[in-house]
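> no sequence on this one, just coordinates:
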């Protein structure tokens with residue numbers, strides 16, 4: 001924790017903001033934009049985020065700790081339950097809840113279900129309506145009225161995270177909403193997660209981008225080795241875990257071509273993230289029904 005004088009603490013604002021919502025509404029895109037840093041992986045597929053990911057935004061007189069959370073959904077197996085647990089834990093530990101929804105002609109039933117749970121939350125809740133660039137402006141006001149009739153929000157803010165529209169105004173509202181206090185982290189910190197966490201996420205992102213249907217959702221990535229080597233490339237050995245032998249064959253591809261493609265794309269982004277060259281070694285393992293077994297979820301960092 002960085003040191004701050006008591007006098008400065010009286011004027012300094014510091015708090016935690018949980019960003020919640022159903023899958024694929026733009027939570028990760030928004031947190032990356034707010035931080036001006038690629039904290040969370042982004043793909044067009046829902047349920048890309050599986051962990052609660054912490055990002056730190058520091059200014060001269062404020063520090064906001066953002067929790068990017070998995071999309072709230074009806075759990076179908078143990079992994080889903082762990083994802084929902086991570087999102088609800090973020091709500092409990094936050095000072096402000098940012099409830100993100102999509103701009104549309106009417107409210108979404110799943111958003112209404114989340115809103116029902118938020119009635120028991122005794123802290124400020126901001127409704128942020130994302131993707132306003134995809135709808136006619138005249139549809140926004142009726143949507144705002146519909147949500148306002150269901151909950152007493154501290155603020156309702158329409159934005160487009162993709163177009164960076166009204167995000168600066170949202171940031172000002174968030175700073176105003178958090179309490180006064182000391183900073184939690186040094187000003188130059190962006191996250192508390194280790195490098196190996198982001199390396200595994202980058203590999204998983206490439207899997208989401210390059211495979212369809214059930215493959216990305218049946219896949220976990222585990223970093224088995226991460227060695228810094230003086231005078232040579234860092235050595236990273238990553239295990240891609242799937243649930244079936246047939247999925248292993250798809251991940252590897254004919255003559256290993258598919259796995260090689262994943263490795264090349266991931267290595268490029270990993271080197272950009274780390275700022276140094278790496279030797280990336282990928283291999284594929286089968287763990288049947290891993291998404292349904294708590295022992296595997298703990299091993300893979302999901303509980």
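Nice, I can see it. Note that this is a predicted model, so its numbers are computed, not measured.
> now this protein, which segments are flagged as low pLDDT?
For the chain, the stretches with pLDDT under 70 are 1-10.
> what residue is smack in the middle of it?
residue 68 (4.0 Å; CA atoms, centre = their mean).
> can you tell me which residues contact that one?
Listed by CB atoms under 8 Å, 6 or more residues apart in numbering, the contact set of residue 68 reads 19, 27-28, 31, 39-40, 49, 52-55. C-beta: built from backbone N, CA, C; applies to glycine.
> go again using 6 Å as the cut-off
Residues in contact with residue 68 (CB atoms under 6 Å, 6 or more residues apart in numbering) are 19, 27-28, 31, 40, 53.
> Buried subset of the residues you listed, written for PyMOL?
Buried members of these, defined by 16 or more other CB atoms under 10 Å, are picked up in PyMOL with:
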select buried, resi 19+27+28+31+40+53
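> Tell me the one among the contacts of residue 68 nearest to residue 72.
Taking CB to CB as the measure, residue 72 lies nearest residue 27 of those, at 10.2 Å.
> Please name the nearest non-neighbouring residue to that closest one.
Excluding the flanking residues, the one nearest residue 27 by CB to CB, 6 or more residues apart in numbering is residue 19, at 4.9 Å.
> Okay, and the one you found sits in which element?
strand 13-20 (DSSP states H and E).
> helices and strands around that strand, which ones?
Helices and strands touching strand 13-20, as assessed by 3 or more CB pairs under 6 Å, 6 or more residues apart in numbering; DSSP states H and E, comprise strand 62-68, helix 78-93, strand 96-102.
> Show me what secondary structure element comes after it.
Once the chain leaves strand 13-20, the next helix or strand it forms, by DSSP H and E, is helix 27-35.
> between that following helix and strand 62-68, how big is the angle?
Relative orientation of helix 27-35 versus strand 62-68 (axes from the mean of the first three to the mean of the last three CA atoms, to 10 degrees): 160 degrees.
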